[in-house]
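Chemist: What follows is a protein structure lacking sequence information:
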Ligand code: BG6
Ligand code: MG
């Protein structure tokens, strides 16, 4: 393997709590039941698909496409306000050290995230310069488990998929990596997923895999 493609949310930064707070605000206003368990189902899933999952609990009249777009926009505005509070301290020293070491060993590094806010987050935590490429929600039409976001990342890096390791916390992300012909390291939730090639407890374990 010659390159590593990292998911962002739940791997490099922990934005779950912000997604939750922003969706919760929208759900409360609409009188829709929403809790952390439902929030877990939104991991790796696009913004509009996340909204559809939340609307499974909606009991009012059918919503138009315009109204749905408005709700997603309302959530995103609240979410971005919360993202503005992020600082470099929101990334652990371990993550920074491992990224630097992987670069030193000659690996090409990319982000492969469903989020349209990926570049904004990277700027806030001052990680932009650590990556050779960013493939995110702004350059794809199909989100995970479709492999598009990772295939684009490989293309940006000028690598074959088989030369890439994907690092993911979501089942949908591991599925995406595998159907794209890549190896997958699973952290967090994905640690115990049967499709994960390399279960990792902590970021530093990557230094064992990528010797
Ligand atoms: C993923 C998150 O990284 O990005 C999902 O895991 C989120 O929970 C998705 O829905 C889309 O994010 P954004 O920032 O474009 O709304
Ligand atoms: Mg994730």
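Modeler: Arrived safely, thanks for sending. Quantities reported herein were computed from a predicted structural model and do not represent experimental measurements. Ligands and ions are numbered 1, 2, ... in the order given.
Chemist: ok, now which residue in the chain is the farthest from the centroid?
Modeler: residue 61 (31.9 Å; Cα atoms, centre = their mean).
Chemist: now that residue: how far from residue 55?
Modeler: Separation of residue 61 from residue 55 (Cβ to Cβ, to the nearest Å): 12 Å. Yep, even glycine has a C-beta here, placed from its N, CA and C like the rest.
Chemist: cool, and residue 1?
Modeler: Distance from residue 1 to residue 55, by Cβ to Cβ: 40 Å.
Chemist: between these two, which one's more packed in?
Modeler: residue 55 (17 against 13; other Cβ atoms under 10 Å).
Chemist: average pLDDT for stretch 28-38?
Modeler: Taken as a whole, stretch 28-38 has a mean pLDDT of 96.
Chemist: same thing with stretch 103-123?
Modeler: So the average pLDDT for stretch 103-123 ends up being 98.
Chemist: Wondering if it reaches ligand 2 at all.
Modeler: No: Stretch 103-123 lies out of reach of ligand 2 by Cβ under 5 Å from the ion, never closer than 7.5 Å.
Chemist: Now do the contacts for the nearest residue to residue 136 once chain neighbours are set aside.
Modeler: Distance criterion Cβ to Cβ, 6 or more residues apart in numbering; nearest residue to residue 136, sequence neighbours excluded, is residue 118 at 3.8 Å. Applying Cβ atoms under 8 Å, 6 or more residues apart in numbering, we find residue 118 in contact with 8, 111, 134, 136-138.
Chemist: do the same with residue 140
Modeler: Counting by Cβ under 8 Å, 6+ apart, residue 140 makes contact with 114, 146, 148-149, 152.
Chemist: Would it be right to say that residue 175 lies in a strand?
Modeler: No: counting by DSSP: H, G, I helix; E, B strand; the rest coil, residue 175 is not part of a strand but helix.
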